[in-house]
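In: next come a sequence and a model predicted from it.
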There are 2 protein chains.
Amino acid sequence: MTERDGAPAPVGRAMLQQCLQARLQVKPAEERSEAEFVQIDRGMVIYICFFKGATDDILPKMVSTLLNLRLCESDSGKMVSVLELPGSILIVPQATLGGKAKGRAMQYHNNIGKEDGLRLYGAFVSLCEKELAAASAEVTVKHGTYGNRQVLKMDTNGPYTHLMDF
Amino acid sequence: MTERDGAPAPVGRAMLQQCLQARLQVKPAEERSEAEFVQIDRGMVIYICFFKGATDDILPKMVSTLLNLRLCESDSGKMVSVLELPGSILIVPQATLGGKAKGRAMQYHNNIGKEDGLRLYGAFVSLCEKELAAASAEVTVKHGTYGNRQVLKMDTNGPYTHLMDF
């Protein structure tokens, strides 16, 4: 990762991919229980990572930007936001997005601590749920479990991967 | 995207995801022919985007970094490179990775022109093929068609999404 000195470091990073269907494990299989999954159909997968210095103040801007940017292709081929589509959202905590290469290994020194990360992640999910519920009753927000392995399966008609730093 | 002035702008961006299986359409269905796909099993999906100013000089460093970074989890849980795994590689051209938000729309003004982008993409793929062939005969490099819609389906045991600017 090239250093970008001279401007404030980002406090949050989101990676966005469009999906036709996406399924995420939220509870691994255990001796007496099967694995549990959440699933969305058409919509957007949001991979999210917070850096040191992130506070709740950044969340409204992040959520508003991600949900209102015209990143989704409508049936008519026009670019619309996920709220306008309307599409569902799958939120995936993804600490690896904050990694920097050091030699052949990845380091995550800029990532936020686990406790603050968990709290911000929960608040980010709640805010997305609130915004999406206000936009349409047909769509849903699903999300992964913070700290877990994110066993993900997805089917796209072109992921149109976008990166967004905040 | 927060501006990072004061340091040279990146000329290439890669997004990496681990997969158990990934399938990509390389030719859409036409009136007289079915769609064509390429597929890899365990390995890494490399989404790649070049910016204005990128030249062939950057390619050896990009490929060497991406293929030698310890991003993959071996069967024993140890982090190893895709060459060491050894895993296959699916390369997906992804111009959207170069997008910047302007109001509610995405703009791609920093992306390289189509002709140069196609040439660099081809050279990037060739270099990956050469490196992987030297490492193991069991694995393979597959890649998408530059300029096409990248209809992608993937199955992961955790994508471990990493971002790398060059």
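Out: Everything's here; your move.
In: flag every buried residue along the longest helix anywhere in chain A.
Out: Using DSSP state H, we find that the single longest helix of chain A is helix A:114-135. Within helix A:114-135, the residues that count as buried by 16 or more other C-beta atoms under 10 Å in any protein chain shown are A:117, A:120-121, A:124-125, A:127-129, A:131-132, A:135. Backbone N, C-alpha and C define where each C-beta goes, glycine included.
In: with distance to chain B and pLDDT added, can I get these in JSON lines?
Out: Output for those, formatted as JSON lines (distance: C-beta to the nearest C-beta, whole Å; pLDDT from 0 to 100):
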{"residue": "A:Gly117", "distance to chain B": "16", "pLDDT": "98"}
{"residue": "A:Leu120", "distance to chain B": "17", "pLDDT": "98"}
{"residue": "A:Tyr121", "distance to chain B": "15", "pLDDT": "98"}
{"residue": "A:Phe124", "distance to chain B": "17", "pLDDT": "98"}
{"residue": "A:Val125", "distance to chain B": "18", "pLDDT": "98"}
{"residue": "A:Leu127", "distance to chain B": "18", "pLDDT": "98"}
{"residue": "A:Cys128", "distance to chain B": "17", "pLDDT": "98"}
{"residue": "A:Glu129", "distance to chain B": "21", "pLDDT": "97"}
{"residue": "A:Glu131", "distance to chain B": "15", "pLDDT": "95"}
{"residue": "A:Leu132", "distance to chain B": "17", "pLDDT": "95"}
{"residue": "A:Ala135", "distance to chain B": "14", "pLDDT": "89"}
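In: pull the CA atoms of stretch A:123-130 into CSV?
Out: C-alpha atoms of stretch A:123-130 as CSV (Å, rounded to 0.1, in the frame of the first residue of the first chain):
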residue,chain,number,x,y,z
ALA,A,123,-24.0,1.0,15.2
PHE,A,124,-23.2,1.0,11.5
VAL,A,125,-25.5,-2.0,11.0
SER,A,126,-28.3,-0.4,13.0
LEU,A,127,-28.1,2.8,10.9
CYS,A,128,-28.2,0.8,7.7
GLU,A,129,-31.3,-1.1,8.9
LYS,A,130,-33.0,2.2,9.8
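In: quick one: residues contacting A:Ala14.
Out: For A:Ala14, the contact set (C-beta atoms under 8 Å, 6 or more residues apart in numbering or on different chains) comprises A:46-49, A:62, A:66, A:163-164, A:166.
In: where in chain A is pLDDT low?
Out: By pLDDT under 70, the weakly predicted segments of chain A are A:1-6.
In: farthest residue from the center of it?
Out: Computed with C-alpha atoms, centre = their mean, the residue of chain A farthest from its C-alpha average is A:Arg32, at 30.5 Å.
In: how much space between it and A:Gly147?
Out: Look at A:Arg32 and A:Gly147: by C-beta to C-beta, to the nearest Å, they are 22 Å apart.
In: next up, the contacts around the residue farthest from the centre of chain A.
Out: Counting by C-beta under 8 Å, 6+ apart, A:Arg32 touches no other residue.
In: what do you get for A:Ala105?
Out: Counting by C-beta under 8 Å, 6+ apart, A:Ala105 makes contact with B:69-70, B:79.
In: any of the residues you listed buried? List them.
Out: B:69-70.
In: and the contacts of A:Ala105 near chain A, which?
Out: By C-beta under 8 Å from any C-beta of the partner chain, the members of those lying near chain A are B:69-70, B:79.
In: format those as a markdown table; extra columns: distance to B:Tyr108 and secondary structure.
Out: Below are the ones next to chain A among the contacts of A:Ala105 laid out as a markdown table (distance: C-beta to C-beta, whole Å; DSSP: H, G, I helix; E, B strand; the rest coil):
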| residue | distance to B:Tyr108 | secondary structure |
| --- | --- | --- |
| B:Leu69 | 27 | coil |
| B:Arg70 | 32 | coil |
| B:Met79 | 33 | strand |
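In: so can I have JSON lines of those showing distance to B:Leu85?
Out: Supplementary listing: the ones next to chain A among the contacts of A:Ala105 in JSON lines, determined by distance: C-beta to C-beta, whole Å:
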{"residue": "B:Leu69", "distance to B:Leu85": "12"}
{"residue": "B:Arg70", "distance to B:Leu85": "10"}
{"residue": "B:Met79", "distance to B:Leu85": "10"}
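In: cheers, nothing more for now.
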